[in-house]
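>>> fold the stuff below for me.
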Amino acid sequence: MTYREAVRDAMREAMRADPRVFLMGEDVGKYGGAFAVSHGLLAEFGPERIRDTPLSESTFVGAGIGAALGGMRPIVEIMTVNFSLLALDQIVNNAATLRHMSGGQFGVPLLVRMATGGGRQLAAQHSHSLEGWYAHIPGIKVATPATVADARGLLLAALKEADPVLLFEHATLYPMEGESEDGTPMEFGRAALRRAGRDVSLITYGGALGKTERAAALLAEQGIDAEVIDLRSLRPLDTEMILTSVSHTHRAVIIEEAWRSGGFAAEVSARIMEGAFDALDAPVARVCGAEVPMPYAQALEQAALPQSETIVKAVQELF
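Okay, here's the model as predicted:
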């Protein structure tokens, strides 16, 4: 199935199993979702459980928080990560803090899904990778599925959580085909070893995984055996797997689409320096998005994003 179908089937499975689960967001009903993820769900579950909302992210994320506090299991879809900034107050000041501020009396079992990333020629207001911003915030979990199986498994896992989860679905992955698991929920904070290697650790997540795997194949042709780590979730972060890999390969390159300055790659680099400094044979390298608003023109957009060739070049410079 496709990544899009995996997300849809996971939501369908959850709604069939639990009447408290419902979906709300812009165009999720009659239109079938901006990326066709919720296509067909309105006909099956009706407008009470597949709720079209006004174009007001702060309002419908706030309504989702209220529903979660009232015992429901809402799935809130925000069309793109850029639009989530309109709901930043609700996510950061309410969803993430209410368990702490209530002394543990109230949880907010809320799932917020959103498309992230560039590569679709949708320009600067629809294409950025801001998941690292949310990974900075205690009180929420941040998941970044890069495969069909993970899209399904992490969504189901999110609906078992007692606290808010943000699920970042890279928009270029929706048509990607792959195998899906049996629907067993996954565990947050567990990275995946996508390729074993001995010479360098390539650490990435989300939409950059495919480019990183292609870079590893190109490096193999040059006699460099690259290990590929897919983080899968940014908060909690599987620091143990990162340090184990780097201690084995002695070199690390971190790849993400977000801007280099203050990006999540810097957090991963810091954890490597703190936990595996003596194992390093070269400085930790980062391959990140260009420090510009995302261009619309296709050639410029591709130049602003990490590519397999730029990953290969970064690795070559470590040897």
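>>> can you give me the helices in the stretch 101-250 of the chain?
Using DSSP state H, counting those that start in this stretch, the helices of the stretch 101-250 of the chain run over 131-135, 148-158, 209-221, 239-249.
>>> what's the angle between the second one and helix 209-221?
On the basis of axes from the mean of the first three to the mean of the last three C-alpha atoms, to 10 degrees, helix 148-158 is oriented at 140 degrees to helix 209-221.
>>> which other helices and strands contact helix 148-158?
helix 3-17, strand 111-116, strand 141-143, strand 165-170 (3 or more C-beta pairs under 8 Å, 6 or more residues apart in numbering; DSSP states H and E). Glycine gets a C-beta too; all of them are placed from N, C-alpha and C.
>>> export these to TSV and tack on mean pLDDT, distance to S308 and mean neighbour count?
Formatted as TSV, the helices and strands packed on helix 148-158 follow (pLDDT from 0 to 100; distance: least, C-beta to C-beta, whole Å; neighbours: other C-beta atoms under 10 Å):
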stretch	mean pLDDT	distance to S308	mean neighbour count
helix 3-17	97	20	21
strand 111-116	98	20	26
strand 141-143	98	25	25
strand 165-170	98	16	28
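>>> turn these into TSV, including distance to S129.
Shown next, in TSV, are the helices and strands packed on helix 148-158 (distance: least, C-beta to C-beta, whole Å):
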stretch	distance to S129
helix 3-17	17
strand 111-116	6
strand 141-143	12
strand 165-170	8
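>>> so which of the ones you listed is nearest A279?
strand 141-143 (27.0 Å; C-beta to C-beta).
>>> quick one, domains of this structure?
3-173, 192-316 (automatic domain parsing).
>>> dump these into JSON lines; add distance to S180 as well.
Putting those into JSON lines (distance: least, C-beta to C-beta, whole Å) gives the following:
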{"stretch": "domain 3-173", "distance to S180": "5"}
{"stretch": "domain 192-316", "distance to S180": "15"}
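>>> most packed of the helices of the stretch 101-250 of the chain?
helix 148-158 (a mean of 25; mean count of other C-beta atoms under 10 Å).
>>> okay, the angle between that helix and strand 111-116?
Going by the same axes, to 10 degrees, helix 148-158 makes 150 degrees with strand 111-116.
>>> centre of the chain versus helix 148-158, how much separation?
Distance of helix 148-158 from its chain centroid, counting by C-alpha atoms, centre = their mean, to the nearest Å, is 11 Å.
>>> please apply the same query to stretch 257-275.
Distance, centroid of stretch 257-275 to centroid of chain: 16 Å (C-alpha atoms, centre = their mean).
>>> buried residues, that stretch. List them.
257-259, 263-269, 271-272, 275 (16 or more other C-beta atoms under 10 Å).
>>> which of these sits closest to V292?
Nearest to V292 out of the buried residues of stretch 257-275 is W259 (C-beta to C-beta; 8.6 Å).
>>> flag the shaky bits of this structure, pLDDT-wise.
Applying pLDDT under 70 to the chain flags residues 182-185.
>>> for it, just list every one of the strands.
Taking DSSP state E as the test, the strands found in the chain are 21-25, 50-52, 73-80, 111-116, 141-143, 165-170, 192-195, 200-204, 226-230, 233-235, 252-259, 285-289.
>>> list the buried residues of the second one.
Looking back up the chat, that one is strand 50-52. Within strand 50-52, the residues that count as buried by 16+ other C-beta under 10 Å are 50-52.
>>> related to what we said a few turns ago, out of the helices and strands packed on helix 148-158, nearest to E26?
Comparing those by C-beta to C-beta, strand 111-116 comes nearest, at 11.0 Å.
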